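In: below is the structure, and that's it, no one-letter string:
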């Protein structure tokens, strides 16, 4: 099960990259937004997760960063994809508070891959 | 996705799966995510062998047809993907003393550090100030450190190379990085915090280093990350940057960097002088003059003073 955190309704490319390269066929993917994103309807319509990528998806809004981290841990997501919305002056993918919370969360471990448009936590394992 | 075998020109008929990060392509997916910086490595480029993996690929050599089959071994070193991470922590030690009490000190960059017997360290710093700085002033600002020398850099009047001997606790972040086997690249104090750039092996290593830094410094803010297949210049080994530091003004560096980033020096050129000038908000003739001054200063560094 994969989680894609959508940072803005304009983040079609990060979602496409995640669906294209991370989420297996016929898998379930949770598209998660924080309250700063009004709606995912237009993004889902444009990307077409089922139509174009053959995956089942849900959309949900989580109230804050801690609840997003808990959502990932509760579902034991194998992959977590977070759209890159900004880069530092030296070209590094800028890490926001949510990404930092996930990266430094003690209960998570796995592989971190920096893609073109997404930061991907893949093969995630959970400490019991 | 297998970036390592992609870059191994000449590898035929045998795929060797990566043992570490990077193999996240799933079956049936056609266009995997690519790391944002790995593309800087050209095919055939070996890079610095840090924690290398060896790929051995055999193929029949068609130059020697006959009864026996001769194989050519293609052995190359590759580096597992590393993470280059930028983070911020609160000021402490000498950077804190200078930035919080020193008059008009704008930034302090650690150029290099060497251990001194017992618990001291010889620190080489580049100090940028809004006004002149004297050795007496620095001694007053750093009562617990021995100032070895202070020298003003060439072009920039308020940039100084400063060398001090101080207790190692003045730069704990450097000790923490090296103790935890992270490669330190940059440590700069400015705007009320230390900016640190370091390379780590992977996510687990990042958590280990961040945990060690948080334990001592209280909190850490991750700023950015990118993936790389080489560690880059460790602190103190970027000779070109250190030589240029202070020899070119901030304005000249800004012009040079903008022109470079916009592809002005590419062949064929990706941006015209007018476009660069427009980006900088200066006239084309001013741009031309500044670029010539940069070239002149570079030549001075390379060949010595003109006439």
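Out: Sure, I can see it. The structure presented is a predicted model; accordingly, all values stated were derived computationally and were not measured.
In: up against chain B, what does chain A have?
Out: Selection of chain A residues close to chain B by Cβ under 8 Å from any Cβ of the partner chain yields A:17-18, A:20-25, A:79, A:87-88, A:90-95, A:99-100, A:103-104, A:106, A:109-123. From N, CA and C alone the C-beta is placed, and that goes for glycine too.
In: partner strands of the longest strand belonging to chain A and their direction?
Out: In terms of residue count, the longest strand belonging to chain A (DSSP state E) is strand A:118-126. Using DSSP bridges, strand A:118-126 pairs in its sheet with strand A:79-83 (antiparallel), strand A:108-114 (antiparallel).
In: with mean pLDDT and mean neighbour count as added columns, please give these in TSV.
Out: What follows is those, written out as TSV (pLDDT from 0 to 100; neighbours: other Cβ atoms under 10 Å in any protein chain shown):
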stretch	mean pLDDT	mean neighbour count
strand A:79-83	94	27
strand A:108-114	93	23
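In: out of those, which gets nearest to residue A:71?
Out: Nearest of these to residue A:71, taken as Cβ to Cβ: strand A:79-83 at 9.9 Å.
In: need the residues that contact the next helix or strand after the closest one.
Out: Per DSSP states H and E, strand A:79-83 leads on to strand A:93-94 as the next helix or strand towards the C-terminus. By Cβ atoms under 8 Å, 6 or more residues apart in numbering or on different chains, the surrounding residues in contact with strand A:93-94 are A:84-88, A:114, A:119, B:36, B:223-226.
In: just the buried ones from these, in ChimeraX syntax?
Out: Written as a ChimeraX command, the selection of buried residues from the contacts of strand A:93-94, which uses 16 or more other Cβ atoms under 10 Å in any protein chain shown, is:
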select /A:84,114,119 /B:36,223,224,225,226
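In: dump the residue contacts of residue A:108.
Out: By Cβ under 8 Å, 6+ apart, the residues touching residue A:108 are A:72-73, A:102, A:121, A:124-126.
In: residue B:132 belongs to a strand?
Out: No - counting by DSSP: H, G, I helix; E, B strand; the rest coil, residue B:132 is located in no strand; its state is coil.
In: so how many other residues sit close to it?
Out: 12 (other Cβ atoms under 10 Å in any protein chain shown).
In: how about residue 110, nearest residue that isn't a chain neighbour?
Out: By default, I'm working from chain A. Excluding its sequence neighbours, the residue lying closest to residue A:110 (Cβ to Cβ, 6 or more residues apart in numbering or on different chains) is residue A:124, at 4.0 Å.
In: nope, chain B please
Out: Nearest-residue entry for residue B:110: residue B:187, 4.2 Å, with adjacent residues in sequence omitted and distances by Cβ to Cβ, 6+ apart.
In: count of neighbours near the nearest residue to residue A:78 once chain neighbours are set aside?
Out: Nearest residue to residue A:78 in three dimensions, chain neighbours excluded: residue A:124, at 5.8 Å (Cβ to Cβ, 6+ apart). Per other Cβ under 10 Å, the neighbour tally for residue A:124 reads 23.
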